[in-house]
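Trainee: one predicted model, sequence on top.
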Amino acid sequence: MSGYEAFESEGVHIKAWTRGVPIEDAAMQQLRNVASLPFIHKHLAVMPDVHWGMGATVGSVIPTVGAIIPAAVGVDIGCGMMAVRTSIRAEHLPDDLSAIRSSIEAAVPHGRTDNGGRNDKGAWSDTPPSAAADRWSALQAGYEAVVEKHPKAAHPRGPGHLGTLGTGNHFIELCLDEAGDVWVMLHSGSRGVGNRFGSYFIERAKQEMRRWFINLADQDLAYFAEGTEGFIDYIRAVSWAQKYARANREVMMDQVLAVLRQSFPDLAVTQEAVNCHHNYVTREKHFGKEVFITRKGAVKAGLGDLGIIPGSMGAKSFIVRGKGNPDSFCTCSHGAGRAMSRNEARRRFSVEDHIAATNGVECRKDAEVIDETPMAYKDIDAVMAAQSDLVDVVHALRQVVCVKG
């Protein structure tokens, strides 16, 4: 028996790795909307963490020929995960981890931004660390090439957001694997500058649809046709933002490891490190054809590829190795996936519920993070069981420290 469920649509088939994991009606409608587009190659692949998103579902793989949908990539371009295994052992950690959490929070700006003002706690308030400055220097020419042609896509805090966490489901964690080794794991993307690029080009694509009188089932499925000026400019912008997102995670990791070295001066990291996008577009070959693959909340899981599938603030996470399943376009899920909206989580759960669910994890336990409580997410064990033909588990991790914005 295949690992996926097959669904028909007015366009290509939908192959969903969702056995034992429900798909909400709104998400299924979005999948059918995307499947009906004339430039989808072969079929859609749907991951077990699938849920409603903007235009296209989070947790889907969209192979296209001759077009790209900016809203399918989204506004957190290049969002993804990074993890490294350290030489620290569980028995080396203090019983009280609050000081370590506070030190990480002090070393990595996090929280909401205020559109670039002086009190932007989500950005570097003073001079960014040298690692961030060096990486921005390497990225600056590419950024300027984009905004010179598209000045409305500019963001005033591009340098100031490099090496910062953000908010929502972005996090920094210390985790223990099954052998008691300590891992550092973090989740973030291209921050304010990526959001500005994404929002700008999504609107440009909608303008293109209106210009050519193209009616879509959902206006957020507006696309650029390959070879057009909008397509060329978007590819340049999204490629740059994906590089920025990767660099952002690298700077944060440097900062967190520096914090740990204050307590563990002999700290080393192993070669077993992962840095993977899960909101991005790239060109790949599938079923004999060069196509654009948009992974919206999904991770590349080619044969032997290492990836990260996090649970939630109180659930385990996994380091995985891809099996290269061609039907999934060599992809796996990017996490557990939301089981409900943020507003529904705030309505349904209390601070006391959240405290109980995060017992044993040094993390925020206040009303502002209720929308990220573990109960707001799908059962990570069910999600992993549904994609057993996509990945092998290399390590199972459990959080002991979690920093949220």
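Mentor: Cool, got the structure.

Trainee: can I get stretch 127-137 in CSV? Just the C-alpha atoms.
Mentor: Taking C-alpha atoms only, stretch 127-137 is exported to CSV below (Å, rounded to 0.1, in the frame of the first residue of the first chain):
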residue,chain,number,x,y,z
THR,A,127,25.8,47.9,16.3
PRO,A,128,25.1,44.3,15.1
PRO,A,129,27.7,41.7,16.0
SER,A,130,30.6,41.3,13.6
ALA,A,131,29.2,38.1,12.2
ALA,A,132,26.0,39.9,11.2
ALA,A,133,27.9,42.8,9.7
ASP,A,134,30.2,40.6,7.7
ARG,A,135,27.3,38.6,6.3
TRP,A,136,25.3,41.7,5.4
SER,A,137,28.4,43.0,3.6
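
Trainee: residues of it that come out buried?
Mentor: 128-129, 131-132, 135-136 (16 or more other CB atoms under 10 Å). All C-beta spots, glycine's among them, are computed from the backbone N, C-alpha and C.

Trainee: what's the answer for stretch 63-78, then?
Mentor: 63-64, 67-78.

Trainee: ok, now stretch 82-102?
Mentor: Those would be 82-86, 88, 93, 100-101, for stretch 82-102 by 16+ other CB under 10 Å.

Trainee: after the helix or strand of the chain with the lowest mean pLDDT comes which helix or strand?
Mentor: In the chain, the helix or strand scored least confidently by mean pLDDT, DSSP states H and E is strand 269-277, which has a mean of 89. Sequence-wise, the next helix or strand downstream of strand 269-277 (DSSP states H and E) is strand 279-286.

Trainee: distance from the chain centre to that next one, please.
Mentor: Average the C-alpha atoms of strand 279-286, do the same for its chain, and the two points are 15 Å apart (CA atoms, centre = their mean, to the nearest Å).

Trainee: which residues are contacting it?
Mentor: Counting by CB atoms under 8 Å, 6 or more residues apart in numbering, strand 279-286 makes contact with 41-42, 63, 68, 72-74, 76-80, 189, 238, 242, 290-297, 326, 329-330, all of which sit outside it.

Trainee: so the biggest helix by length in the chain versus strand 279-286, what angle?
Mentor: The longest helix of the chain (DSSP state H) is helix 229-263. Taking axes from the mean of the first three to the mean of the last three CA atoms, to 10 degrees, helix 229-263 and strand 279-286 form an angle of 110 degrees between their directions.

Trainee: and the angle for helix 229-263 with strand 269-277?
Mentor: Using the same axes, to 10 degrees: helix 229-263 against strand 269-277 is 150 degrees.

Trainee: and helix 229-263, how far from the chain's centre?
Mentor: That offset, for helix 229-263, works out to 12 Å (CA atoms, centre = their mean).

Trainee: avg pLDDT for that helix?
Mentor: For helix 229-263, the mean pLDDT works out to 98.

Trainee: and that helix, which residues are buried?
Mentor: 230-231, 233-257, 259-260.

Trainee: and the contacts of strand 279-286, which of them are in strands?
Mentor: Using DSSP state E, 63, 68, 80, 290-296 are the members of the contacts of strand 279-286 that sit in strands.

Trainee: in the residues you listed, find the pair that's most separated.
Mentor: Gly80 and Glu290 (23.3 Å; CB to CB).

Trainee: for the closest residue to Ala247 other than its chain neighbours, give its distance to Gly163.
Mentor: Of all residues not flanking Ala247 in the chain, Arg135 sits nearest, at 4.3 Å (CB to CB, 6 or more residues apart in numbering). Shown here: Arg135 relative to Gly163, a distance of 8 Å by CB to CB, to the nearest Å.

Trainee: which residues are in contact with each of these two?
Mentor: Joint contacts of Arg135 and Gly163 (CB under 8 Å, 6+ apart) are Val251.

Trainee: so what secondary structure elements neighbour the lengthiest strand in the chain?
Mentor: Identified as the longest strand of the chain according to DSSP E is strand 391-404. Applying 3 or more CB pairs under 8 Å, 6 or more residues apart in numbering; DSSP states H and E, one finds that strand 391-404 contacts helix 98-107, strand 171-176, strand 181-188, strand 306-309, strand 317-322.

Trainee: and these as TSV, adding mean pLDDT and distance to Gly405?
Mentor: Output for the helices and strands packed on strand 391-404, formatted as TSV (pLDDT from 0 to 100; distance: least, CB to CB, whole Å):
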stretch	mean pLDDT	distance to Gly405
helix 98-107	97	10
strand 171-176	98	8
strand 181-188	98	9
strand 306-309	97	19
strand 317-322	97	18
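
Trainee: as CSV, these with distance to Val369 would be great.
Mentor: Below are these laid out as CSV (distance: least, CB to CB, whole Å):
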stretch, distance to Val369
helix 98-107, 13
strand 171-176, 10
strand 181-188, 14
strand 306-309, 21
strand 317-322, 17
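
Trainee: buried set for stretch 290-309?
Mentor: Result for stretch 290-309 [16+ other CB under 10 Å]: buried residues 291-301, 305-309.

Trainee: could you tell me the end-to-end distance of that stretch?
Mentor: Criterion CA to CA, to the nearest Å; first-to-last residue distance in stretch 290-309 is 27 Å.
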